[in-house]
Structures are given as structure tokens and as C-alpha cells.
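A.B. asks: here's my sequence, what's the structure:
(one chain, ligands or ions: 2)
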Amino acid sequence: MGRALGNRPALSHAGRKVSDTVHPVIVAIDGPSGTGKSSTSRAVAAELGLSYLDTGAQYRAITWWMITNGIDVADAAAVADAAAKPAIVSGTDPAHPTITVDGVDASGPIRTQEVTAKVSAVSAVPEVRTRITGLQRSIAAAAPNGIVVEGRDIGTTVLPDADLKIFLTASPEARAARRAGELKGADVSATREALIKRDAADSTRTASPLAKAADAVEVDTTELTLQQVIECVVTLVAEKRAAAK
Ligand SMILES: Nc1ncnc2c1ncn2[C@@H]1O[C@H](COP(=O)(O)OP(=O)(O)O)[C@@H](O)[C@H]1O
Ligand SMILES: Nc1ccn([C@@H]2O[C@H](COP(=O)(O)OP(=O)(O)O)[C@@H](O)[C@H]2O)c(=O)n1
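C.D. replies: Ligands and ions are numbered 1, 2, ... in the order given. Take a look at the predicted model:
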């Protein structure tokens, strides 16, 4: 499948050849925690002039709202009942991504350990996924030049017709070392265990689990620098655009 970039209606702009028109490009980047999705996606979007959406931040935002509103995240029915309540707004400039919940900046609170520990339970609830997936599709459809969307189920469920799908992987050791490096003083082996536990929950849930789409390009980042991963994805986007001309 995949949306053929070159098969879109050929619009004729005054003084501009149709072949010069750059169509919006949709890039889906999925994979487990610490594989480099956010850093790669932001950099690729910035380099190519695309919008950027961190879908994990949206699931963290709704989890933070549940916690601050006293909802027991282990109670799936209570989470489902409340899923439509918070207003979640994502800013998609890769130079300055933002997220607000009911108008309040949530970029700091969504990164706490409590949210990290509870986000998998909330994101497994089908009503939550339906709500957040709807937001993601509207944001992608409105991006003027195209968008890089990163998460767990973008290539499989949210944007199955994306022009390019990437699935990033890395060894648990490399991922834990990267994450522990961000959380000053964090123990690498405890971080590794927590990552493995969250990946297992995300991969085994019934509703839209973490999975590689059949037509995704898998990139193992264990031995690559971040710059190498960025260059790899930028090259793959350029190849897609060239093939679509
Ligand atoms: N290829 C890489 N080599 C070394 N460090 C990396 C690499 N990719 C990402 N990082 C670092 O690892 C950490 C986690 O990356 P991030 O992009 O947040 O991963 P994810 O979004 O998949 O959880 C960040 O500090 C980032 O700078
Ligand atoms: N498309 C997505 C993105 C994230 N998530 C959930 O949100 C959590 C946090 O995602 P994240 O991208 O912020 O995680 P990390 O950057 O910490 O790896 C994941 O562990 C999943 O439970 C999801 O279910 N579907």
C-alpha cells in the first residue's frame, strides 16, 4: 500500500511546472522506548521543513490528567468514561514542540516517573486510543508540508497510508544507557528493567499494540550515532520523493 506521492492530482500553478510541486509527505516512525524516535523525528522534520508530532506526549498528557483528577488508572472503565474530557493540544513546530491540557502547559509534568509508570495502563484503554488517534489523524491531515509522526502504532493503525514507515530498534542495554543518561543519577539496570516492562505492556495489549508494519523499514540504531540515524531517514524520504516524480 502506501500513498503514491506522484499520483496526487496535478495542480497547475501559474509560472510553476507541475513536476516542481512538492507534495506533503507523511513519515511514520515507530519503535520501543529509547530507540531514538523523538530525537530523530524532530531533527528530520526540522531539516525537511515538516511538522512534528510526538504521540507519546499525548498519551502522557491524558495520563497526567487522569492522575490529577483522581482517577484510578487501574480502573479501565473509569479511564474510559473520562477519556473524552481533557482538551489536549499539540504544537507541531519541531524547533519548539508543545503540549497543553485544558490550556495548561503539560510539557514538564508529563515526564515524571509517576506518569511514565502509569502511561501504559491508560494507553491500553480502547476509548483513550480512539480519542487520541482521532486527534493524531486531524493534525497529520492539517500539516501544510507534511509531518513526521512518532509513536508505537503510527504505521500500523494511525496512518497506515504513510509515504514512509520506519521502525527503530536498539538493544535493551543501549536503550537503557541512553535513558539513564537523560535521568541524572538513574541506575542503568533499574532503567533497563522498567523499559522492558513498559515495552512488554505496550506490545501485548489488545488495542493497537506496539508493532512493526509489514511495509516499514527497520533500522537497528544500537551501533549508529544519532546523526547517522537522522541521515538514514532523510535519505529514505528523498528516495521516496524521487521515486514518486
Ligand atoms: N543513535 C543514538 N545513539 C546515542 N544516543 C542516542 C541515539 N538516538 C537517540 N539517542 C539519545 O537517547 C535518548 C533517547 O532518545 P529518544 O529520541 O528520546 O528515544 P525515544 O523517543 O525512542 O524514546 C536521548 O537522550 C537521545 O539523545
Ligand atoms: N503511538 C503511541 C505512542 C505512545 N504510546 C504510549 O505512551 C507511552 C509513552 O510514550 P513515549 O513515546 O513518551 O515513551 P518514551 O519516549 O519514554 O519511550 C508508551 O509507553 C505507550 O504506552 C502509545 O500507546 N501509542
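
A.B. asks: export only the CA atoms of the lowest-mean-pLDDT helix or strand in the chain, formatted as CSV.
C.D. replies: Lowest on mean pLDDT, DSSP states H and E among the helices and strands of the chain sits helix 172-182, with a mean of 91. C-alpha atoms of helix 172-182 as CSV (Å, rounded to 0.1, in the frame of the first residue of the first chain):
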residue,chain,number,x,y,z
PRO,A,172,17.9,-3.0,25.7
GLU,A,173,21.3,-2.2,27.0
ALA,A,174,21.8,0.7,24.6
ARG,A,175,18.3,2.0,25.2
ALA,A,176,18.7,1.8,29.0
ALA,A,177,22.1,3.6,28.8
ARG,A,178,20.6,6.4,26.7
ARG,A,179,17.6,6.8,29.0
ALA,A,180,19.7,6.6,32.2
GLY,A,181,21.9,9.3,30.7
GLU,A,182,18.9,11.6,30.5
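
A.B. asks: let's number from 8 now, not from 1
C.D. replies: From this message on, residue numbering opens at 8, which makes the last subject helix 179-189.

A.B. asks: which SSE is residue 107 in?
C.D. replies: Assigned by DSSP states H and E, residue 107 falls within strand 105-108.

A.B. asks: so how far is that strand from its chain's centroid?
C.D. replies: 15 Å (CA atoms, centre = their mean, to the nearest Å).

A.B. asks: now that strand: buried residues?
C.D. replies: Residues of strand 105-108 classed as buried: 106-108 (neighbour count, 16 or more other CB atoms under 10 Å). No exception for glycine: its C-beta is placed from N, CA and C like everyone else's.

A.B. asks: what about it, near ligand 2?
C.D. replies: No: applying CB under 6 Å from any ligand atom, one finds strand 105-108 separated from ligand 2 by no less than 10.6 Å.

A.B. asks: please see if the least confident helix or strand of the chain touches ligand 2.
C.D. replies: No: using CB under 6 Å from any ligand atom, helix 179-189 stays clear of ligand 2, coming no nearer than 7.3 Å.

A.B. asks: contacting residues around that helix?
C.D. replies: 39-43, 177, 193-196, 198-199, 202-203, 228-229 (CB atoms under 8 Å, 6 or more residues apart in numbering).
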